[in-house]
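Colleague: heads up, no residue letters with this:
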């Protein structure tokens, strides 16, 4: 309420499970023009393993409300979260994305940063190898470059790179990659 008196424009990040008509309306009235959602995946099993606390239905509702209320909407998608990512979960993510209304996107690989649960407990996540060359720990860089730094017993860097490319190819014809955005 107080921020709308400042007459400013801003962008923000919001969790989809906190995105409802009332909240988005207040954000817009206070000067929010651009909102980013970390949807991560369109597969409920992957979302649960990430402990995101929301479902694909909440993603659809939250993202579409923001779009319908006239904000510029960006989504962030993560690929490769162990141990459940697969060709099928990627198809579920593409299916979900097809039901969303948004403007911009980026797709990045999961990276098991030091001290996170995945790097501290690799066996729990079916990880057989983590590259400790931290110069490769790049989610998104110039020319859409990313780092692919771990392998599970089911998949490795080449699969993660292919999943990322598949989603980006699906989106590139109709949506704006964040690096090409002018907002």
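Modeller: That came through fine. Only a predicted model underlies this, so the values are computations on that prediction, with no experimental measurement involved.

Colleague: switch to C-alpha atoms for all contacts and neighbour counts from now on
Modeller: Noted.

Colleague: what about the one helix or strand residue 48 maps to, average pLDDT?
Modeller: Using DSSP states H and E, the element containing residue 48 is helix 44-49. Here helix 44-49 scores 95 as its mean pLDDT.

Colleague: what sits up against the helix-or-strand element of the chain with minimal mean pLDDT?
Modeller: Lowest on mean pLDDT, DSSP states H and E among the helices and strands of the chain sits strand 176-177, with a mean of 81. With Cα atoms under 8 Å, 6 or more residues apart in numbering as the test, strand 176-177 has contacts from 103, 104, 105, 106.

Colleague: just stretch 158-168 next, same as before
Modeller: Contacts for stretch 158-168 (Cα under 8 Å, 6+ apart): 79, 80, 87, 90, 94, 106, 107, 108, 109, 148.

Colleague: where does the chain have low pLDDT?
Modeller: Along the chain, the model assigns pLDDT under 70 to residues 1-4.

Colleague: buried residues, the helix holding residue 48. List them.
Modeller: By 16 or more other Cα atoms under 10 Å, the buried positions in helix 44-49 come out as 44, 46, 47.

Colleague: please apply the same query to stretch 139-158.
Modeller: For stretch 139-158, burial by neighbour count (16+ other Cα under 10 Å) applies to 139, 146, 147, 148, 149, 150, 151, 152, 155, 156, 157.

Colleague: what's near enough to touch the last one?
Modeller: Listed by Cα under 8 Å, 6+ apart, the contact set of residue 157 reads 148, 149, 150, 151.

Colleague: 6 Å instead?
Modeller: Going by Cα atoms under 6 Å, 6 or more residues apart in numbering, residue 157 touches residue 148.

Colleague: tell me how far it lies from residue 175.
Modeller: Look at residue 157 and residue 175: by Cα to Cα, to the nearest Å, they are 26 Å apart.

Colleague: returning to that earlier point: out of the buried residues of stretch 139-158, which are inside strands?
Modeller: 150, 151, 152 (DSSP state E).

Colleague: if the residue nearest to residue 37 when sequence neighbours are not counted is in a bridge, with which residues?
Modeller: In space, and not counting its chain neighbours, residue 37 is closest to residue 75: 4.9 Å by Cα to Cα, 6 or more residues apart in numbering. Beta-bridge pairing of residue 75 under DSSP bridges involves residue 37, residue 105.

Colleague: okay, now residue 75: neighbour count?
Modeller: 23 (other Cα atoms under 10 Å).

Colleague: oh, and call the first residue 11 from now on, that's how I've got it
Modeller: Done: numbering now begins at 11, and the last item shifts to residue 85.

Colleague: perfect, that will be all.
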